[in-house]
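[1] Show me how the following folds:
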Amino acid sequence: MKRRASAPINDDDSRLFRESIGEVRKLDSVVPPPAAAKPEPRPHMFEADEAAVPGELLDMAFDPAVLEVGEELSYLRDGYSPKLLRQLKRGQFSVQDDIDLHQMNAAAAQSTIIMFLAEAKQNGLRCVRIVHGKGLRSRAAGPVLKGLTDRMLRRRDDVIAFASARPAQGGTGAVVVLLKG
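    Modelled structure (predicted):
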């Protein structure tokens, strides 16, 4: 599209324009506000990676319980699939209740375990945890409550399997028990 050449502005046109718009005053120039300071750079990906570490440690491809010092308890009743014990060791069953035997003598611990398992059976629980401790203050005979718990659970008909807990649940100081339904 071609542009037309504009006609030159004469004095009459200029006067007519000024009369029609009225008095004009010059505006003061406004200084723009200073630009907001840029935020300091944050290592978002580094922070996200660091926050993900605890969850990744719990979902390791290998079983960290194997790395833990101490004797690991493990039992599977005859007639059940070894896969069940592997699932129990990997923490694939949800612990529905637990009991702590710390500071108990053997007699008190034995009656507590009996009452706890009877209550679990009555309430229809399938997976429980018994914290027996690692026996670090035991004498040369070894961990008393750990051995007692192991012997008692092996003799009970309502116990399908048990295994030392994962490190986050007490490690070799606790046992996760799978009960008959």
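[2] going forward, measure contacts and count neighbours with C-alpha atoms only.
    Fine.
[3] And the next helix or strand past the lowest-mean-pLDDT helix or strand in the chain?
    Lowest on mean pLDDT, DSSP states H and E among the helices and strands of the chain sits helix 44-58, with a mean of 79. Sequence order places strand 74-76 as the next helix or strand after helix 44-58, per DSSP states H and E.
[4] Parallel or antiparallel, list what pairs with that next one.
    Sheet pairing of strand 74-76 (DSSP bridges) gives strand 159-164 (antiparallel).
[5] Show me what the one helix or strand Ser111 maps to is packed against.
    Counting by DSSP H and E, the element that carries Ser111 is helix 106-122. The helices and strands touching helix 106-122, judged by 3 or more C-alpha pairs under 8 Å, 6 or more residues apart in numbering; DSSP states H and E, are helix 144-155.
[6] try 10 Å this time
    Under the contact criterion of 3 or more C-alpha pairs under 10 Å, 6 or more residues apart in numbering; DSSP states H and E, helix 106-122 touches strand 97-100, strand 127-131, helix 144-155, strand 174-179.
[7] any idea of the mean pLDDT for it?
    Across helix 106-122, pLDDT averages out at 93.
[8] How about stretch 81-98, which residues are buried there?
    Using 16 or more other C-alpha atoms under 10 Å as the test for burial, stretch 81-98 gives 84-85, 88-91, 93, 95, 98.
[9] how much space between Gln87 and Val53?
    Distance of Gln87 to Val53, computed by C-alpha to C-alpha, to the nearest Å: 23 Å.
[10] ok, now Ala161?
    31 Å.
[11] for this protein, what are the low-confidence residue spans?
    1-5, 56-70, 136-141 (pLDDT under 70).
[12] Pick out the residue nearest the middle of it.
    Nearest residue to the geometric centre of the chain (C-alpha atoms, centre = their mean): Gly55, 5.2 Å.
[13] If anything else comes up later, I'll come back, but that's it for now.
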